[in-house]
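K.L.:
got a predicted structure plus its sequence, pasted below:
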Amino acid sequence: MIEHIEGLRLKALQELASVNNATELEAWRVRYLGRNSELTQVLRSLATLPLEERKNVGGRANDVKSDLEDSFKQREKEIALTLTKLASSTREAIDFTLPARPLPSGHLHPITQTIDEMCDIFASLGFHVVEGPEVEWDYYNFEALNIPEEHPARDTMSTYWIDTAPSDNERAMLLRTHTTSVTARVIDGMKPPIRAIEPGRVYRYEASDATHVPMFHQLDGIAVDRNITMADLKGTLYEFARRFFGKERKVRFRGDYFPFVEPGVEMAIECAVCRGQGCRLCGNSGWIEILGAGMTHPRVLEQGGIDPSIYTSFAFGIGLDRLPMLRYGIDDVRLFYSSDLRFLRQF
Amino acid sequence: MKVSLNWLKEYLSISLPHSDLAQKLTMAGLEVNGVKIIGGQWENVVVGQLTVINPHPDADRLHLATVDLGTEQATVVCGAPNLHPGDKIAFARVGAQLIAGRGRELVRLKPVKIRGIISNGMVCSEKELGISDKHEGIAVLPTDAPVGVPLAAYLGDAILYMEVTPNRPDCLSVIGIAREITALTGQSLHLPEINYEETMPSAEQSVAVEIRAPDLCPRYCASLLTNVKVAESPSWLQQRLLACGMRPINNIVDVTNYVMLEYGQPLHAFDYSLIRGKRIIVRRTTNNEKIVTLDGTNRLLPRDMLVIADAERSVAVAGVMGGANSEVSPETTTILLEAANFNPASIHYTGRTLGLPSEACMRFERGISAELALPALKRATQLMTQLAGGKAAQGWVDIYPGKREQKPILLSTTEVKRILGVEFSLDRIIDVLVSLGFDCQRVPIKNRSSAEVIVTAPYWRSDIRLAIDLIDEIIRITGYNQIPTPMTSGLNQPIPRQSPEPLTGLKRQVRNRLAGYGFQEIMTYSLTSLDMLNKLLPKTHPLGPRLLRVTNPITAEQEYLRPNLRSGLLATLSANRKYEEGGLRLFELSRVYLARPKDLPEEKETLCGILNGSRLAKSWHGDDQQFDFFDAKGVVEDLLNRFAIEANFEPYSDENLHPSRQAVIVVSGEQIGIVGELHPQVAENFEISGTTYLFEIDLIALLPFTLRNRVFQPVPRFPAVVRDMALVLGTEITHRQVQDTIKGFPLVSQVALFDVYAGEQVPQGKKSLAYRITFQSPAQTLTDDKVNRVLKRLLEKLSQELGATLRA
């Protein structure tokens, strides 16, 4: 019986809170406090109960009754007050579908957003950001990375060369073809332990089309320490992929070759369009290549004055422009550099 | 490289579906980009034999061909000119899919009535089968083709499109790929047997080979064949070459190409009768040598390029292309066959300089093994005796000044673990290496924690030099999924902060700030054109145009590294105005490039922003005022304010800005940027209408000021007293002068200008500036009396120093 009364109180108070005008309020009063209300009937039936229970239930029922009466009065006042305030306000009703007052709205470039996001992920893994020159010596772009002159790997990175005065010709100057040049500088200039990432612009002597532009972005990274193994490489890059692409996307490592690492690997993620089934986007392989990586070649470490018998190291390089292309389904890389606001404002 | 699955099956048995095979190779580092199925659509096409050819009763140019299909006969109408009884052909039954028309689409064959006779099927051309573009007649199959057998079973193939990395020249060959597959599947390899009769006098008597540049030519092998009949190759050989993307030429050249694809060793066949003096000399070019290469081009060879010469002239550009003067022709009867090895860098240089990236060039420049030359030479000699009726001379010439043994490499299980982070047993390591053809000698065990093996790479693996290269072999063959992927990587050592790059942080803050102000970030190419730069007025940059040029621009639009960001932004503004109304706020934060003598250029991180049009989009709220100078200045001031930097704005003369509406931004005496209104001439050059405001900040110059320590100012404990006053001043007096005077006065904590007025009630040549001044004391509550006394003295000072009077 007591439970029933308490349930009644709870229900009544909940309903009262959503009562907003005098008509509703009167209906509520009749329902819960009126002559035919449940509570009144409970009070009437008290006489039939045994003495002990009559006392108990009666006390509780009267408590509830006075609580509801107080709450009713309180709500009655509140509603009256609100009505008076609204009545005194001269404001008319508004058409809230009218357009809002415009605010100037600026956006960061999607490439900037991607760089920021990647830097945050790698920063939380202990990597710090280093930047290097875009106009670079042949040495840091090629020689220091185990790519001597006439190495076939140079053919895969068509290079823009800088026109220098004849007297300066002993050292060839170029537009860096990859941010791995900054990795070479990091190895050259820092002492282990090292964990660095190097985002930036790179250049290739290539005509533009939907998948090629002469200037684009990369992010390279390197870790040097005692006891760094390929498991660290995989762990770090898996973690990156999980955070950037989401943990449900499968990741795959396979053998590949870059002159500055050995063993060299390529990391791919499951194609988002076909979920690994094979489609046009992934060239029917079900996988999308994301980055190249590997254990830094001992000769590269030696060139930078790091003893490869003490230290091991992994390095990786990611093509940045592809990432927002995959994420948003952008089909033409040139859009990033077209400065078309109808494109840029979407990000 | 394209690799035929049928060809691979000559050296090992492959039971894997080709998609699984492609997957295995890809995971091991030999990427298969795609698989092309030949004959996938040849359902209902069978091998047949023409038995009877009769003329069509109603048409001169048509025939009735009867075809034996083994268990049945079929008669069809056919218009091909090359119908010969006895020939094996491809017969398409009704329902077969054939390639038809220009569109090359597949069409299903239906029974047709041609001039009154029903034709149930068709004899196919190569084009209809999708083998080649040949459509002049029917495809004639080799005589050994089995009648009645589905064509797919006889001629079908799968072509693997392989992306071979530059370190694996051995895999630019069918045998090389076959070797990889044996290691990946545990199959055994069967190499072709080489034996042929040597019926002619010794090769060494017929030709003398001399290597004058042993550094560029470690080995030169040659054999000789007489009685050769140059002719078309048999169709199986032609099919192989076509499947691998090479054009059949004649039996001699085709054999050299076939063996190159099979072994990975480029070969060259000379017409021996055209080799003068019966001598081959491998040497560097002297000045101004010329040669007409096989492609008919007359080439001037630079000095010190490697050539093959006879007693009088060069007869080939070594390893790149043969010379027309010694070319094999239909009249050739004696062949001098070359299989040599050349220095990779030298070949790369030659190929690059002459613009001749050939198949041979690609293999030499990647460094194929010199050991390969002789087996390939013998194989090609054998095939020429079989296919061109050649008689081989006894023996061969082999000059080998650059012989090098593979160096044994010591590998330990500890080193494997140190790199891979996972344990491999010595047995497992040896298994993998042996499957790849490596020689492994166990080292007697010295301690329990590590076991060692001495490994010698097989001759074809010229890429293996260090223990790390062996470790790569182990993991790529066993698979990278052997390596664990710790949730948090093992990089647990604390990392000391290394030369932090505060500039990176500053750039990010500035970008975010600008986006917050409503600016859209853009990125433009850092390579630009002289035309674009010349739209700016001569002295484009405060530091002068020290332009950098690339030597090999693709277009004139991208020839110079930009010395400023302005032109890109202004061009962007102009381009977007074609479809954008209202206010545009754009910025770019990027590098500009300024040449320095004998050093890399200065790469200056620069912020440039522009404003054009109205402050807010046109709306029913009606706030569409145009931007003015103070919008641009406000951005600069607020940005600097973020770093508690106070700037002065001083007169300046940037030729791209309106001469009387610009200022240089000065912080602690240092110029860090400019702000101003775009010069109308520049606006016109960029075809921009409306007034444009621009600001530019040198972030490198700004950086040190952003790093200064800031000191907290206590929050005032006593109430402030606020007084407004309107001053009448000469028009030449600047707000700045007034502000400085008021600000430096005792008890003044803030001063704000709230009205500027000239006109009625203010005398000619004068203006009125109204200020709200806040007085506050850190020590006490100010009384009205006190403030009135201070205000009076302040007015006296303003009157003395600036001639100010209170406005009535």
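P.N.:
Arrived safely. Numbers count the residues shown, from 1 in each chain, chains lettered A, B, ... in the order given.
K.L.:
from chain B, how far off is residue A:135?
P.N.:
Note on residue A:135: its distance to chain B, by CB to the nearest CB, to the nearest Å, is 5 Å. All C-beta spots, glycine's among them, are computed from the backbone N, C-alpha and C.
K.L.:
quick check: bridge partners of that residue?
P.N.:
Under DSSP bridges, the beta-bridge partners of residue A:135 are residue A:175.
K.L.:
so it sits against residue B:548, correct?
P.N.:
Yes - using CB atoms under 8 Å, residue A:135 makes contact with residue B:548 at a distance of 6.9 Å.
K.L.:
anything in contact with each of the two?
P.N.:
Residues touching both residue A:135 and residue B:548 (CB atoms under 8 Å, 6 or more residues apart in numbering or on different chains) are A:162, B:561, B:593, B:601.
K.L.:
for the stretch 1-150 of chain A, what spans make up the strands?
P.N.:
Listed in chain order, the strands of the stretch 1-150 of chain A (DSSP state E, counting those that start in this stretch) span A:128-129, A:135-137.
K.L.:
swap that for the stretch 601-750 of chain B, please
P.N.:
B:648-650, B:657-667, B:670-678, B:692-698, B:721-730, B:748-757.
K.L.:
try the stretch 151-300 of chain A
P.N.:
Along the stretch 151-300 of chain A, counting by DSSP E, counting those that start in this stretch, strands occupy A:173-175, A:194-203, A:215-225, A:251-256, A:261-270, A:287-296.
K.L.:
count the neighbours of residue B:321 for me.
P.N.:
Look at residue B:321: counted by other CB atoms under 10 Å in any protein chain shown, it has 22 neighbours.
K.L.:
OK, contacts around the nearest residue to it once chain neighbours are set aside?
P.N.:
The shortest distance from residue B:321 to any non-neighbouring residue, by CB to CB, 6 or more residues apart in numbering or on different chains, is to residue B:293 (4.6 Å). Residues in contact with residue B:293 (CB under 8 Å, 6+ apart) are B:299, B:317, B:321-324, B:356.
K.L.:
same thing with residue A:182?
P.N.:
Applying CB under 8 Å, 6+ apart, we find residue A:182 in contact with A:130-132, A:140, A:198, A:200, A:220.
K.L.:
now the helices for the stretch 201-350 of chain B?
P.N.:
Remark: helices assigned in the stretch 201-350 of chain B by DSSP state H, counting those that start in this stretch are B:203-206, B:235-243, B:251-263, B:344-354.
K.L.:
cool, and the stretch 351-500 of chain B?
P.N.:
So, for the stretch 351-500 of chain B - with DSSP H, counting those that start in this stretch - the helices run B:359-365, B:373-387, B:413-420, B:426-435, B:467-478.
K.L.:
and of those helices, who's closest to chain A?
P.N.:
Closest to chain A of these, according to CB to the nearest CB: helix B:467-478, at 3.5 Å.
K.L.:
residues making contact with that closest one?
P.N.:
By CB under 8 Å, 6+ apart, the residues outside helix B:467-478 that reach it are A:230, A:255, A:262-264, A:295, A:297-298, B:27-29, B:183-184, B:409-411, B:415-416, B:419-420, B:424, B:428-429, B:432-433, B:435-436, B:438, B:455, B:463-464, B:482-483.
K.L.:
tell me which helix or strand comes right after that helix.
P.N.:
Sequence order places helix B:502-516 as the next helix or strand after helix B:467-478, per DSSP states H and E.
K.L.:
good, we can wrap up now.
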